[in-house]
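Enquirer: Everything below, folded, please.
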Amino acid sequence: RHWDRFAAGEVDFQEQRRDRVRDFLGEPGMSAAEADGWFDRYVVHYKAAWTLFPDVVPVLDTLAAGYRHGVLSNSSTVNQDPKLRHLGLRERFEVLLCAAELGVSKPEAEAFLTACEALGLPPGEVAYVGDQPEIDARGARDAGLVAVWLDRDGARGPGPEGVHRITGLALLPELLASDTRFGARSGIR
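Expert: Take a look at the predicted model:
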């Protein structure tokens, strides 16, 4: 609910974070400074847990020669840029766009379309891969992108119609290669 308030423009990014801390701790009267201090301590542990799934780098390597890469996140650049740098991935993405700076978040079409504009590509030529069936997959589909839902455990229900569903990133190159927009030969000659 706090993210929804941020997405609706009712509070800024920092205030939604403070409200999340207050709710989590059950302390609605906690001051901004106290909430910020608690969150700063949490961030130390959060950063220590940053790791990559084992399929990330191999798939990025496989797709590097033929595909451009970008990141669209419902977070902030202040959070995502250091994370990508720490994990050794930032230079692999030519675009990094985040809701806090965009002023719009997924699943709103404007967020996806802004990412397409930043890449200089029409939506129909962009595949968006995300792990949330509604926020990522449905949002991308509704904005006209090729929507790929990364459902790693494969047990989250049917998901939205018109969305590609994969259980691991290793399946992504084959999926993209099978689409004529991304390299497959058309059956029409």
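Enquirer: Mind listing what's buried along the strand or helix carrying Leu172?
Expert: With secondary structure defined by DSSP states H and E, Leu172 is part of helix 172-177. In terms of neighbour count (16 or more other C-beta atoms under 10 Å), helix 172-177 has its buried residues at Leu172, Pro173, Leu175, Leu176. Heads up, the C-betas are built off the backbone N, CA and C, glycines and all.
Enquirer: Spit out the contact partners of the last one.
Expert: Residues near Leu176 by C-beta atoms under 8 Å, 6 or more residues apart in numbering: Leu63, Tyr67, Ala127, Phe182, Gly183.
Enquirer: Can you report phi and psi for the nearest residue in space to Val95 that is not next to it in sequence?
Expert: Excluding its sequence neighbours, the residue lying closest to Val95 (C-beta to C-beta, 6 or more residues apart in numbering) is Gly70, at 3.4 Å. Note on Gly70: its backbone torsions stand at phi -150, psi 170 [degrees, to the nearest 10].
Enquirer: how deep is the spatially closest residue to Arg165 that is not a sequence neighbour tucked in, by neighbour count?
Expert: With C-beta to C-beta, 6+ apart as the criterion, Arg165 has its nearest non-adjacent residue at 4.8 Å, and that residue is Trp149. Neighbours of Trp149 under the rule other C-beta atoms under 10 Å: 24.
Enquirer: What's the first helix or strand after the strand or helix carrying Trp149?
Expert: If you go by DSSP H and E, Trp149 is part of strand 146-150. Of the helices and strands lying after strand 146-150 in sequence (DSSP H and E), the nearest is strand 164-166.
Enquirer: That following strand - contacts with which helices or strands?
Expert: Packing partners of strand 164-166 (3 or more C-beta pairs under 8 Å, 6 or more residues apart in numbering; DSSP states H and E): strand 146-150, helix 172-177.
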